[in-house]
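In: Need the 3D shape of this:
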Amino acid sequence: MTRKIANNFNPHVSVDCVIFGFDGVRLNVLIIEREQGGGVSALPGDLIRDDETLDDSANRVLYELTGLSDIYLKQLQAFGDPDRIKGLQDVQWLRNVREEPSARVITIAYYSLVNLQNFSPKAASFARDVRWEPVYDFAKLAFDHNKIVDKALEQLRLSLKYDPLIGFELLPKKFTLRQLQKLYEAVLNHSIDKRNFRKKFLSAKLLKPLNEKEQGVPHKPAQYYEFDRKRYMRIKDKFWF
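Out: Predicted coordinates for the structure are as follows:
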């Protein structure tokens, strides 16, 4: 069924969302396959409504296309290159879903962080499929969405160095030091010295040790920790990884 935009959608402004999730080994990004898109994948996104703020629009897009709500969401930047919509498949798809397919669209990009244990995204609206793909190994996306993912990843890496809360948004409530290090290595895309990494976090006292260890693992069971948010609020301006 063709989805033409209603009168209350602005044909010139959209939002696109880069949603990151960590599976314990790899950093992933949520990709949708567009309905009537000929198998072309893209980031979750849509035009904004005239009565929405940009943040409201981004939250609506996340919920309508994936079923995700109440997640970490931060505005990244605007993308407005005149040639951002030039691929033949992109143009053909826009003819099916928009009243003004040739209109120049400025998109405001957001990035989100989710705990994969808490969310099972499902396709909705004009997305035929939704799936997690490794952020360092996925195919060409529609429009300039690869560029948007690259910029979001760049910002995530920068944020992770001075704001540890960013990392904890991607982890389960309780986690091991090994899991925490794996997360940093997955985001930064390089190995980290184990001793220095643990010393940094333990000396900052951002972790609360729990009286609980891993079970059913082939190695020595590791202790679980929780993130100390109260402590974080006191020292957040002094942390640098």
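In: Name the SS class of the spatially closest residue to residue 42 that is not a sequence neighbour, please.
Out: For residue 42, ignoring the flanking residues on the chain, the nearest one in space by Cβ to Cβ, 6 or more residues apart in numbering is residue 142 at 3.9 Å. In short, each C-beta sits where N, CA and C put it, glycine included. The assignment at residue 142 comes out as coil when based on DSSP: H, G, I helix; E, B strand; the rest coil.
In: Quickly note the distance from residue 142 to residue 195.
Out: From residue 142 across to residue 195, the span is 44 Å (Cβ to Cβ, to the nearest Å).
In: Spell out which residues sit in contact with the nearest residue to residue 23 once chain neighbours are set aside, please.
Out: Using Cβ to Cβ, 6+ apart and skipping residues adjacent in sequence, the residue nearest residue 23 is residue 116, 5.6 Å away. With contact set as Cβ atoms under 8 Å, 6 or more residues apart in numbering, residue 116 has these partners: 21-23, 28, 132.
In: Count the neighbours of residue 175 for me.
Out: As a burial measure, residue 175 scores 22 neighbours (other Cβ atoms under 10 Å).
In: likewise the one 5 residues further on?
Out: Number of residues near residue 180 (other Cβ under 10 Å) recorded here: 21.
In: I'd say it and residue 201 touch.
Out: Yes - at 6.9 Å, residue 180 and residue 201 qualify as touching, with contact defined as Cβ atoms under 8 Å.
In: Which strand residues bridge residue 111?
Out: residue 18, residue 74 (DSSP bridges).
In: What segments of this structure are strands?
Out: Ranges of strands within the chain are 9-22, 27-34, 41-42, 45-49, 72-79, 106-115, 127-134, 207-213, 223-227, based on DSSP state E.
In: Mind checking these for the one nearest to residue 55?
Out: The stretch from these with the least distance to residue 55 (Cβ to Cβ) is strand 72-79; that distance is 7.2 Å.
In: Show me what that closest one packs onto, helices and strands only.
Out: Using 3 or more Cβ pairs under 8 Å, 6 or more residues apart in numbering; DSSP states H and E as the contact criterion, the elements in contact with strand 72-79 are strand 9-22, helix 54-66, strand 106-115, helix 145-162.
In: Against which helices or strands is the longest one packed?
Out: I take that to be helix 145-162. strand 9-22, strand 72-79, strand 106-115, helix 165-168, helix 177-188.
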